[in-house]
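Novice: need a structure here:
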Amino acid sequence: MNARVGVVAAVVVVLAAAGVVVVRQAGDEPTTTLTVRSPATSSTPSSTPVPSRTSSTSSPASPARTADPVAQSQRVVAQNPLYRVGRLPASRCKEPSVRPTSVTNVRKYYTEYVACLNKVWKPVIQKAGFTFVPPRLEVFTGKTRTLCDVQDSAAYCNGSTISMNASFDIDNYRKYNKLWTRTTMAHLVAHEYGHHIQRLTGISDASATRTSYLNGVDAPLQESRRIELQASCLSGVYLGADRSYFPVSGSWRQRWLWTISHRGDEWGTQRDHGNSKSHSRWTRRGFDAASPAACNTFTASAASVS
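Specialist: Next comes the predicted model:
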């Protein structure tokens, strides 16, 4: 998940990639720590087109004025209508019953899950005043060419495509804790869908513009953390709204809490996704509120997106 969101097509890879440590489980105790490689190619954000110049109506000779793209982008990310839509309605979808024992089953799991995400997010996006376009879902194996540059588990790219690696899920389910695998799948696909929500609402493009005006190394990394932590928060929003039907309770909920608290970038090569403490906090915050209003990482302090 090292690539930042670009204006037209930029890969956003999940927390299981780009040096982010994923703690795998065998039975009830973690036994292995995996540091995933960074993507072979990294997309760098480019600025959105500067708004067209508008001439003053008072005098034809008046100089043209251009709106400040940074100020415009700040309004989009910090005051987005998405934050005012209220509590997300429950999809009333249960967890897909298929288990990740084959590519066919993994594809069925994600297809069902994304259909439920579409069902809930479509009216919410429209309520916020945006046009809803469902994402394209791509389920592949490690040997298949993909639209997104996925090095490990999943990615969002091209402003439309969610790519999920079936080999990653099948291998985890065979080797490690099965419930951990299921909670990981549920979190990751909803996280990638969170990036799609950011795209539809203009947040990803605005964040890319902000990044293009930042200097140094630390500031762009912090902007990347705000984007990634928000996507995980939106993942939590969906599960929180649907908690009674999924259901997110009992041992499933306990394993999910373990899963989101053991994903972070503090051991990776770049601090671009948020450490495990921040990741857990923002995901749980979305879950508890079940509302996008809880996910405004762009007005949060630097310490809370560390």
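Novice: When you work out contacts or count neighbours from here on, use the C-alpha atoms and nothing else.
Specialist: Noted.
Novice: what sits against P100?
Specialist: Taking CA atoms under 8 Å, 6 or more residues apart in numbering, we find P100 in contact with V106, Y109, A166, D169, I170, Y173.
Novice: For A293, state which of those is nearest.
Specialist: Using CA to CA, Y109 comes nearest to A293 of the contacts of P100, at 28.4 Å.
Novice: ok, the closest residue to P247 other than its chain neighbours - how many residues close by?
Specialist: Distance criterion CA to CA, 6 or more residues apart in numbering; nearest residue to P247, sequence neighbours excluded, is K94 at 6.5 Å. Using other CA atoms under 10 Å, the number of residues around K94 comes to 16.
Novice: my guess is K94 contacts Y245, does it?
Specialist: Yes: at 5.5 Å, K94 and Y245 qualify as touching, with contact defined as CA atoms under 8 Å.
Novice: Buried residues in stretch 99-118, which are they?
Specialist: Buried positions in stretch 99-118, judged by neighbour count with 16 or more other CA atoms under 10 Å: 99-101, 103, 105-114, 116-118.
Novice: next one: that stretch to chain centre, how far?
Specialist: 18 Å (CA atoms, centre = their mean, to the nearest Å).
Novice: from the contacts of P100, which two are the most distant?
Specialist: Of all pairs in these, the most separated under CA to CA is Y109 and Y173 at 13.5 Å.
Novice: just for the stretch 1-150 of the chain, where's the confidence low?
Specialist: Scanning the stretch 1-150 of the chain with the threshold set as pLDDT under 70 gives 1-66.
Novice: For the stretch 51-200 of the chain, which segments count as helices?
Specialist: 69-78, 103-127, 166-175, 178-200 (DSSP state H, counting those that start in this stretch).
Novice: and S207, which of those is closest to it?
Specialist: Here helix 69-78 is closest among the helices of the stretch 51-200 of the chain (CA to CA), at 6.8 Å.
Novice: Which elements pack onto the closest one?
Specialist: In terms of contacts (3 or more CA pairs under 8 Å, 6 or more residues apart in numbering; DSSP states H and E), helix 69-78 is packed against helix 203-212.
Novice: next helix or strand past the helix it packs on?
Specialist: Downstream of helix 203-212, the next assigned helix or strand under DSSP states H and E is helix 218-241.
Novice: What is the three-state secondary structure of H273?
Specialist: coil (DSSP: H, G, I helix; E, B strand; the rest coil).
Novice: quick one: the closest residue to it other than its chain neighbours from K108, how far?
Specialist: Spatial nearest neighbour of H273, excluding adjacent residues (CA to CA, 6+ apart): R225 at 4.4 Å. Distance of R225 to K108, computed by CA to CA, to the nearest Å: 31 Å.
Novice: ok, now C157?
Specialist: 21 Å.
Novice: I'd say A90 and V237 touch.
Specialist: No: applying CA under 8 Å, one finds A90 not in contact with V237, separated by 10.0 Å.
Novice: Look at those two and report which has more neighbours.
Specialist: V237 (30 against 20).
Novice: show me what contacts that one?
Specialist: Contacts of V237 (CA under 8 Å, 6+ apart): L88, T283, G286, F287, D288, A289, A290, S291, P292.
Novice: now with 7 Å?
Specialist: G286, F287, A289, A290, S291, P292 (CA atoms under 7 Å, 6 or more residues apart in numbering).
Novice: The residues you listed in helices, which ones?
Specialist: Mapping the contacts of V237 onto helices (DSSP state H) picks out G286, F287, A289.
Novice: The first one: what's it in contact with?
Specialist: By that I understand G286. Taking CA under 7 Å, 6+ apart as the test, what G286 contacts is C233, L234, G236, V237, P292, A294, C295.
Novice: now swap in the second one and tell me
Specialist: With contacts defined as CA under 7 Å, 6+ apart, F287 is in contact with G236, V237, L239, G240.
Novice: Quickly note the distance from it to P81.
Specialist: For F287 relative to P81 (CA to CA), the value is 20 Å.
Novice: again with the first one
Specialist: G286 sits at a distance of 17 Å from P81 (criterion: CA to CA).
Novice: Could you count how many residues lie near G250?
Specialist: There are 8 residues near G250, going by other CA under 10 Å.
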